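Trainee: Attaching a predicted model along with its sequence, questions to come.
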Protein chains: 2
Amino acid sequence: MAAKQYQENLPLVLLHRLPSLNLPHRNRLSPHFLLLDPADSQEPISSFLSIHANSVRALLCVGYTPITSETLSLLPSLELIVAGSAGVDHIDLQECHRRGINITNASVAFAEDAADHAVALLIDVLRRVSPADRFVRGGSWPVMGDYPLGSKLGGKRVGIVGFGSIGSEVAKRLVAFGCSIAYNSRRRKPSVPFTYYANVGDLAAHSDILILSCSLTEETHHMINEDVMTSLGKEGVIINIGRGSLIDEKELVKFLVQGKIGGAGLDVFENEPDVPKELFCLDNVVLSPHRAVFTPESMEALIDLTCANLKAFFSNEPLQSLVQIY
Amino acid sequence: MAAKQYQENLPLVLLHRLPSLNLPHRNRLSPHFLLLDPADSQEPISSFLSIHANSVRALLCVGYTPITSETLSLLPSLELIVAGSAGVDHIDLQECHRRGINITNASVAFAEDAADHAVALLIDVLRRVSPADRFVRGGSWPVMGDYPLGSKLGGKRVGIVGFGSIGSEVAKRLVAFGCSIAYNSRRRKPSVPFTYYANVGDLAAHSDILILSCSLTEETHHMINEDVMTSLGKEGVIINIGRGSLIDEKELVKFLVQGKIGGAGLDVFENEPDVPKELFCLDNVVLSPHRAVFTPESMEALIDLTCANLKAFFSNEPLQSLVQIY
């Protein structure tokens, strides 16, 4: 099979995936690229890679399969990693930078779904949708009477942490609800009409709500700590659709349990799929299992973007979603 | 007390409320109006009313306290009913029309919260937020692995039934999510840029989602029936923030249980607080206990609107939220 496609001169793309992760819509890629999948071979992975090492210029990373410096050292000809995820914290970025390897990510494909999910979690926390649903399903309405009031979304000051494609889609939606928007990111974006805070603590102090839609890096690890949550205050709400480790999770649990912040909507956690059990009994918390970006529609968009990036690479054209590595 | 305020020449406003319903922020109204509350008096209600019958020109109706033709016949001088609700189906509109009584409602005060809640129910159904929260809380994530994908909101065709202040706020929000909007109402609205369908069945046939934000009247009672749900189709979603009886609820339950529509987000029911128990085990249904319009902020807005309408009435100025009775 591989021999046949070599003859057809299809560009070679190495699949990199944990055995548990499948490439969706594989058949959409295979007419255009020769997909080299170590799982198709009897060879052990290291000898499989050494056979193809000098031919592999592009690697397609499925999900959050780690790419370490060891993996990279086996692939001396590698020039491009196409990540099938929005975040790229599972990839050794420094080593890629050192080796001159470009990385594309999938934020663009996922931005709308991720933003929808952030807004869903936010309204859910403010208007108590999930706990109200439990209240009705549990048969409490006829017994207990009126359910407690929630809080209005319009007029709230929303601080968006990370103003890339996902953050800007979140802003677009929340403007329609009458929220006022401010943001924090590595640097001010001249084209963005909202107030910029260089420091996330300052942003928190001027916000009712923080929405985390930034990358996880050494700099952003545990950026939401005790100080930031104290600045956000007792009524403040945190929504996290980024990565669990953006927040000091132990501290967050303490703040929630002690009522030192108002609530949280969390799609990501520090040790997925484990979620701190102290959260399970809190009605001001909404939990989802890292699903912010996943719909059949976003999977389609992911494959389109993957194809576009690979075709651009092999035609020496500009990549569609190049990650800036610092 | 009443005698004292009579002397101060405050305009008289009759409170009309079920004993279980309180007037929120009563102290905001009492500096401006003499609030006549039968509950403050030892008199039986009929003799209380007969004492004041000829003085009462304005009535403030709290919540959904019914106003029947019998009530109206006790108040021959009544000119205005200020309803503290968006819907006025608890008021005998025909009899008001016959007696030349104006009615104001509170849709304007509630529109943003109601629209937020409609969007919340919709994203929740599409992206499975409440059932995902149950999944995580129940400890299923580490055991069962990935949670099933939801469906993307952007690109969906949304049909809004009733395009008053609430419906138009719903549209404003959903445009920001990339939905396409169409609507049905008693008549086409020249200022509205969306496609109009005079028939709700036609609207359903051209929609992925129906959102009900219209009044309950004889014409709209059970307007969402077997035919309309069949037109909406197997993947269709219904969101109801209007009144339970807009839908033939028995038929809706049948469609949901048999998988003949895709899902529903319901804030209102035919026999509140009773909710059909068949819905309690369905993951494609989100239930809330008639809370779409209630936040502390909307309660403030309600009192502002109530004051404004009463002041306008007693100064012979135009009412702020006059209900058109046909």
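Mentor: Looks like it came in fine.
Trainee: Excluding chain neighbours, give the residue nearest to residue A:301 in space.
Mentor: Beyond its immediate neighbours in the sequence, the residue positioned closest to residue A:301 (CB to CB, 6 or more residues apart in numbering or on different chains) is residue A:109, lying 3.9 Å away. Backbone N, C-alpha and C define where each C-beta goes, glycine included.
Trainee: What residue spans form the domains of chain A?
Mentor: Domain assignment for chain A by the TED database gives A:1-106+A:295-315, A:110-287.
Trainee: Would you check how far apart residue A:308 and residue A:9 are?
Mentor: 20 Å (CB to CB, to the nearest Å).
Trainee: Who has more neighbours out of the two?
Mentor: residue A:308 (18 against 8; other CB atoms under 10 Å in any protein chain shown).
Trainee: Spell out which residues sit in contact with residue A:75, please.
Mentor: Residue A:75 makes contacts with A:14, A:49, A:53, A:56, A:59, as judged by CB atoms under 8 Å, 6 or more residues apart in numbering or on different chains.
Trainee: ok, 6 Å please
Mentor: A:53, A:56 (CB atoms under 6 Å, 6 or more residues apart in numbering or on different chains).
Trainee: Need the pLDDT of it.
Mentor: pLDDT recorded at residue A:75 is 94.
Trainee: for the one 10 residues further on, same thing?
Mentor: Residue A:85 is assigned a pLDDT of 92 by the prediction.
Trainee: burial count for it?
Mentor: 20.
Trainee: likewise residue A:317?
Mentor: Quick note: residue A:317 (other CB under 10 Å) scores 11 neighbours.
Trainee: Please apply the same query to the one 4 residues further on.
Mentor: A count of nearby residues for residue A:321, using other CB under 10 Å, gives 20.
Trainee: how close does it sit to chain B?
Mentor: 19 Å (CB to the nearest CB, to the nearest Å).
Trainee: For the closest residue to that residue other than its chain neighbours, name its beta-bridge partners.
Mentor: Nearest residue to residue A:321 in three dimensions, chain neighbours excluded: residue A:104, at 4.6 Å (CB to CB, 6+ apart). Per DSSP bridges, the residues bridged to residue A:104 are residue A:82, residue A:322.
Trainee: Which stretches in the stretch 101-250 of chain A count as helices?
Mentor: For the stretch 101-250 of chain A, the helices defined by DSSP state H, counting those that start in this stretch occupy A:107-127, A:129-137, A:141-144, A:165-176, A:200-205, A:226-232, A:249-257.
Trainee: Can you add mean pLDDT and mean neighbour count and give those back as a markdown table?
Mentor: Formatted as a markdown table, these follow (pLDDT from 0 to 100; neighbours: other CB atoms under 10 Å in any protein chain shown):
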| stretch | mean pLDDT | mean neighbour count |
| --- | --- | --- |
| helix A:107-127 | 96 | 27 |
| helix A:129-137 | 97 | 24 |
| helix A:141-144 | 95 | 14 |
| helix A:165-176 | 97 | 23 |
| helix A:200-205 | 98 | 20 |
| helix A:226-232 | 98 | 20 |
| helix A:249-257 | 98 | 19 |
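Trainee: hmm, back to that, the residue nearest to residue A:321 and residue A:324 touch, don't they?
Mentor: No. Using CB atoms under 6 Å, residue A:104 is not in contact with residue A:324; the gap is 11.2 Å.
Trainee: Just give the nearest non-adjacent residue to residue A:17, would you?
Mentor: residue A:62 (3.7 Å).
Trainee: got the residues of chain A near chain B?
Mentor: Residues of chain A lying close to chain B (CB under 6 Å from any CB of the partner chain) are A:112-113, A:116-117, A:120, A:123-124, A:127, A:129-130, A:132-133, A:136-137, A:141-142, A:147, A:149-154, A:172-173, A:176, A:273, A:275, A:280, A:286-289, A:291, A:294-297.
Trainee: Let's test this: name the helix or strand in chain A with the lowest mean pLDDT.
Mentor: helix A:2-7 (a mean of 48; mean pLDDT, DSSP states H and E).
Trainee: right, and the helix or strand after that one?
Mentor: Note on helix A:2-7: by DSSP states H and E, the next helix or strand toward the C-terminus is strand A:12-16.
Trainee: just checking, what packs against that following strand?
Mentor: strand A:34-36, strand A:58-61 (3 or more CB pairs under 6 Å, 6 or more residues apart in numbering or on different chains; DSSP states H and E).
Trainee: possible to save these as JSON lines with mean neighbour count, mean pLDDT and distance to residue B:40?
Mentor: Output for the helices and strands packed on strand A:12-16, formatted as JSON lines (neighbours: other CB atoms under 10 Å in any protein chain shown; pLDDT from 0 to 100; distance: least, CB to CB, whole Å):
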{"stretch": "strand A:34-36", "mean neighbour count": "20", "mean pLDDT": "94", "distance to residue B:40": "80"}
{"stretch": "strand A:58-61", "mean neighbour count": "23", "mean pLDDT": "97", "distance to residue B:40": "72"}
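Trainee: possible to save the ones you listed as TSV with distance to residue A:316?
Mentor: Formatted as TSV, the helices and strands packed on strand A:12-16 follow (distance: least, CB to CB, whole Å):
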stretch	distance to residue A:316
strand A:34-36	19
strand A:58-61	13
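Trainee: Tell me which of those strands approaches residue B:198 most closely.
Mentor: Proximity to residue B:198, assessed across the helices and strands packed on strand A:12-16 by CB to CB, is greatest for strand A:58-61 (51.4 Å).
Trainee: Tell me which residues are up against the helix or strand following the closest one.
Mentor: Using DSSP H and E, the helix or strand that follows strand A:58-61 in sequence is helix A:69-73. Outside helix A:69-73, the residues within contact range by CB under 6 Å, 6+ apart are A:92, A:95.
Trainee: before we move on, back to that, surely the residue nearest to residue A:301 and residue A:300 touch.
Mentor: No. If you go by CB under 6 Å, residue A:109 and residue A:300 don't touch, sitting 8.5 Å apart.
Trainee: ok, and the closest non-adjacent residue to residue A:165?
Mentor: Closest residue in space to residue A:165, ignoring its immediate chain neighbours: residue A:111 at 4.0 Å, by CB to CB, 6+ apart.
Trainee: Which pLDDT value belongs to the residue nearest to residue A:321?
Mentor: 97.
Trainee: Now do the contacts for it.
Mentor: A:82, A:309, A:319, A:321, A:322.
Trainee: Buried deepest among the domains of chain A, which one?
Mentor: domain A:110-287 (a mean of 20; mean count of other CB atoms under 10 Å in any protein chain shown).
Trainee: how close does the residue nearest to residue A:57 when sequence neighbours are not counted get to residue A:253?
Mentor: Take residue A:57 and drop its neighbours on the chain: the residue closest to it by CB to CB, 6+ apart is residue A:79, 4.8 Å away. Distance, residue A:79 to residue A:253, using CB to CB: 43 Å.
Trainee: Also residue A:218?
Mentor: Computed with CB to CB, the distance linking residue A:218 and residue A:253 is 23 Å.
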